[in-house]
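**Student:** Here you go, sequence then predicted model.
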Amino acid sequence: MKEISVSKPELKAIYEKIGGETGLSKILHTFYARMRDDILIGFFFDGKDVDVIAEKQKQFLMRAMGGSFSYSGKAPAQAHLELAPILAGHFDRRLRILEEVLRENGLPDQDIRSWIKFESAFRDGIQKS
């Protein structure tokens, strides 16, 4: 598996546009609630506290976006090992929901593409064939 740089300077501007930690938290809580309720991928979140997951993701993304958190959690591939196999369609659905949430929060297309590109870099470590 290839090494992925977590710190992404191009995401810093996005972090500032969304209002820093507060905006990121709002986006991620909406995103995880929507995934939990989704008919195609919601089962991955059965019995899980999506607010806790959103907070962990916030810490991870704040590091990538130049925020104040240092992330000490699991690498994305490790964090998804205990789940049912995540297939291409599941990963695609996650990205689609993320795109919708980002668009609803007023991010321009270029910023959405940058965020999706960052998230897509983890596909090989998370998705099963």
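**Tutor:** Yep, it's here.

**Student:** From here on, just use CA atoms for contacts and neighbour counts.
**Tutor:** Will do.

**Student:** helix or strand right after the helix or strand bottoming out on mean pLDDT in the chain?
**Tutor:** One helix or strand of the chain scores below all others by mean pLDDT, DSSP states H and E: helix 76-79, with a mean of 66. Remark: after helix 76-79, the chain's next helix or strand is helix 88-104, criterion DSSP states H and E.

**Student:** In that following helix, which residues are buried?
**Tutor:** For helix 88-104, the neighbour count (16 or more other C-alpha atoms under 10 Å) marks 90, 91, 93, 94, 95, 97, 98, 99, 101, 102 as buried.

**Student:** can you tell me the average pLDDT over it?
**Tutor:** The predicted model gives helix 88-104 an average pLDDT of 97.

**Student:** what helices or strands is whatever helix or strand comes next after it leaning on?
**Tutor:** Going down the chain from helix 88-104, the next helix or strand is helix 109-120, by DSSP H and E. Contacts defined by 3 or more C-alpha pairs under 8 Å, 6 or more residues apart in numbering; DSSP states H and E place helix 109-120 against helix 9-17, helix 88-104.
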